[in-house]
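S.K.: Quick one: sequence and predicted model below, then my questions.
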Amino acid sequence: MIRIYNALRRNLRLWLILPVLFAGMAGPAGAQTKGHKVVGTVMGPDSLPLQGATVIIKEVNRGAVSDSKGRYVLSNVPPTASLVFSFLGMVSQEVPVGQKTEINVVLTATDARLDEVVVGGYSDHLPVYVELEASEPE
């Protein structure tokens, strides 16, 4: 069971990272602007690192995903660009790059509430009917 869970977890990470990697390849060759390297850490509201947070260079449509320690690395970031940090259940944050080489961000939780919850279930057991009979003691 643990092996299956670990295999699914590894494949999920791959499917989350692939769109970000392919987004960087979109467009004609040589269209990327020369820039500098930007590194940093993405943290949650409890000051714990967020693994799997998305960091996108807005103007270039290229990005990265934070690792298990919340760290990310982006190369060729134009000084005029902005970085957009996002994570499920958190408020997205946009930060202008300028000449910064390290940008650390703390994302806050959203106040959004669910309007409705749908619960589904199933069973592989057949229903069992029990008949009860009551009688008075003699």
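M.R.: Great, that's in hand. Quick caveat: nothing in here was measured; it's all calculated off a predicted structure.

S.K.: measure V91 to L107 for me?
M.R.: The gap separating V91 from L107 is 6 Å, by C-beta to C-beta, to the nearest Å. (Each C-beta comes from the backbone N, C-alpha and C, glycine too.)

S.K.: Comparing the two, which shows the higher neighbour count?
M.R.: Neighbour count, other C-beta atoms under 10 Å: between V91 and L107, L107 has more, with 19 against 14.

S.K.: so what pLDDT did the more buried one get?
M.R.: Looking at L107, its pLDDT reads 94.

S.K.: how about the helices in this structure?
M.R.: For the chain, applying DSSP state H gives helices covering 2-25.

S.K.: which stretches of it have low pLDDT?
M.R.: 1-33, 112-117, 121-123, 125-138 (pLDDT under 70).

S.K.: 90 instead, please
M.R.: For the chain, the stretches flagged by pLDDT under 90 are 1-36, 47, 58-61, 88-90, 109-138.

S.K.: those strands in it, which residues are they?
M.R.: Ranges of strands in the chain, per DSSP state E, are 36-43, 54-57, 62-65, 71-77, 82-86, 93-96, 105-106.

S.K.: got the contact list for the second one?
M.R.: Meaning strand 54-57. 20, 23, 40, 42, 62-66, 72, 74, 77-78, 81-87 (C-beta atoms under 8 Å, 6 or more residues apart in numbering).

S.K.: Just the buried ones among those, please.
M.R.: Buried members of the contacts of strand 54-57, scored by 16 or more other C-beta atoms under 10 Å, are 40, 42, 62-66, 72, 74, 77, 81, 83, 85-87.

S.K.: Among those, which one lies nearest to Q51?
M.R.: Closest approach between these and Q51, by C-beta to C-beta: S66, at 6.2 Å.
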